[in-house]
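> Predicted structure and sequence below. I'll ask about it afterward.
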Amino acid sequence: MNPHRQGALLLCLGAVAWSTVDANDPTRAAAQDPSADTTIATPLRKSTKTSTTNAIAGPNGVAAWVDPARCDQDGNLFFLTVPQVDARDSNRAPGSSQSRPRPPSEIVGVSADGKKVTHFDPGSAPVFVGADELRTVTTAVDSHGILFALVWGPRGQASGRQHIVSFDKSGRYVSRVEIESDEISVEQFEIFGTGEFLLRGVRNDASKVAVVSGGRFVPRLAVMSGGGAPLRDVLGLPDEAGPESSKDPDPSAPPEFDYMIRGGDGRIYLARAGASFIYAIEASGQSQEAFPMARTPRNLRLAGLRASGGRLVATCRDERSRWWMVVYDVALRERVGLYGPVDGQPICYEYTGSTDEFTFLRDGNKLVTLSP
């Protein structure tokens, strides 16, 4: 992410209030939720696993991380943590390096049972040794459970250098690939099942592509090989998915497609709020409409994607900041479930056999897995 766009990061507060509605009483829950279509919504009420971890909870009991958290196929979680504010900083001179908040950098891995904690330090990459400041923008996990991180490092007076670095499961640095900042300022990435990267961001070299009125940079969606070869732009996206520069001259507006996830078939699925379709991207750069977005209870806003096996989940929030999970069967191209409401941040999703399971973070340190 371009450091000037850092303020757009969504910080998720893990200390959340759990629902006071009896999860085993769907009638009572429906009565308190007039926005829901109770003929199709199913409550999540069965706890299959519960664990506790203090690895991401700060001194005040609040866990803060950059959304989304990541999960691997074994249920291990990865949080890009936000440094806690030191109360002593308030006594330091405004504008001094000591008083400025530190950018996100470290990634914390938590095992499925909450007992094992692993720290991943992007500063351990040789290219960043001695850097005054690092900014870890976001993370991704490949189909083998290997963690990757997008990291910005300083480069003199320029905007910085961006790399994707990888780690083994013990937290040790393994490899890196540099992304040319003149080609794209990356804000999000995913990893295809075949190992290529899908990069979402903006072009920031005005000599190569015109900048729309108001100074807004042009969004770019491109595929890059694992070795960092030249970028290939994604082709075939319909007008609905493209930047509406003539309609929206706001220079602070983010690029389209805020949400992406690798599916069980190795393709990457993308969606944006208000769109009619979820789109699938091949590692070749070709795209297609995967399936239509289903109608949902009113006042729900798309907030993320999860995937497991042949299913994909659109996580949504309502006006009371509660979460709903809309489940799609990718092969059938249709919705097969709607769950909620739940007062908690959904972290992981797993489809095992015929059961949907969702893991939520509760009270800043409790991992609770629920199913219908």
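Noted; the coordinates are in hand.
> so where's the stretch 51-200 of the chain shaky on pLDDT?
Residue ranges of the stretch 51-200 of the chain with pLDDT under 70: 58-63, 84-102, 155-160.
> Which residue ranges of it form strands?
64-66, 70-71, 77-80, 107-110, 117-120, 135-141, 147-153, 161-167, 173-179, 185-191, 197-202 (DSSP state E, counting those that start in this stretch).
> Mean neighbour count and distance to Lys46 added to those strands, as a markdown table?
In short, each C-beta sits where N, CA and C put it, glycine included. Listed next are those as a markdown table, based on neighbours: other C-beta atoms under 10 Å; distance: least, C-beta to C-beta, whole Å:
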| stretch | mean neighbour count | distance to Lys46 |
| --- | --- | --- |
| strand 64-66 | 22 | 27 |
| strand 70-71 | 20 | 20 |
| strand 77-80 | 25 | 21 |
| strand 107-110 | 23 | 22 |
| strand 117-120 | 18 | 27 |
| strand 135-141 | 23 | 26 |
| strand 147-153 | 24 | 30 |
| strand 161-167 | 22 | 34 |
| strand 173-179 | 16 | 39 |
| strand 185-191 | 23 | 31 |
| strand 197-202 | 24 | 35 |
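> so which of those gets nearest Ser276?
Across the strands of the stretch 51-200 of the chain, Ser276 has its closest neighbour in strand 197-202 (19.7 Å, C-beta to C-beta).
> Can you tell me what sits against the closest one?
1-2, 164, 179, 184-192, 217-226, 231, 234, 255, 257, 260, 268, 281 (C-beta atoms under 8 Å, 6 or more residues apart in numbering).
> Show me which of the residues you listed are buried.
Buried members of the contacts of strand 197-202, counted by 16 or more other C-beta atoms under 10 Å: 1-2, 164, 179, 184-192, 217-224, 226, 231, 234, 255, 257, 260, 268, 281.
> What count of nearby residues applies to Ala271?
23 (other C-beta atoms under 10 Å).
> residues touching the residue nearest to Gly195 when sequence neighbours are not counted, list them.
Counting by C-beta to C-beta, 6 or more residues apart in numbering, Gly226 is the residue found nearest to Gly195 once chain neighbours are left out, at 4.6 Å. Neighbouring residues of Gly226 by C-beta under 8 Å, 6+ apart: Val177, Gly195, Glu196, Phe197.
> what's the answer for Gly123, then?
Contacts of Gly123 (C-beta under 8 Å, 6+ apart): Ser105, Val129, Ala131, Leu134.
> ok, it to Glu133 distance?
10 Å (C-beta to C-beta, to the nearest Å).
> all strands of the stretch 201-350 of the chain, in order?
Under DSSP E, counting those that start in this stretch, the stretch 201-350 of the chain gives strands at 219-224, 232-233, 259-262, 268-271, 277-281, 287-292, 301-308, 311-317, 323-329, 334-342, 345-352.
> mind giving me a markdown table with those and columns for distance to Arg362 and mean pLDDT?
Formatted as a markdown table, the strands of the stretch 201-350 of the chain follow (distance: least, C-beta to C-beta, whole Å; pLDDT from 0 to 100):
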| stretch | distance to Arg362 | mean pLDDT |
| --- | --- | --- |
| strand 219-224 | 35 | 93 |
| strand 232-233 | 42 | 94 |
| strand 259-262 | 23 | 96 |
| strand 268-271 | 26 | 96 |
| strand 277-281 | 29 | 95 |
| strand 287-292 | 32 | 94 |
| strand 301-308 | 18 | 95 |
| strand 311-317 | 16 | 96 |
| strand 323-329 | 12 | 95 |
| strand 334-342 | 10 | 93 |
| strand 345-352 | 9 | 92 |
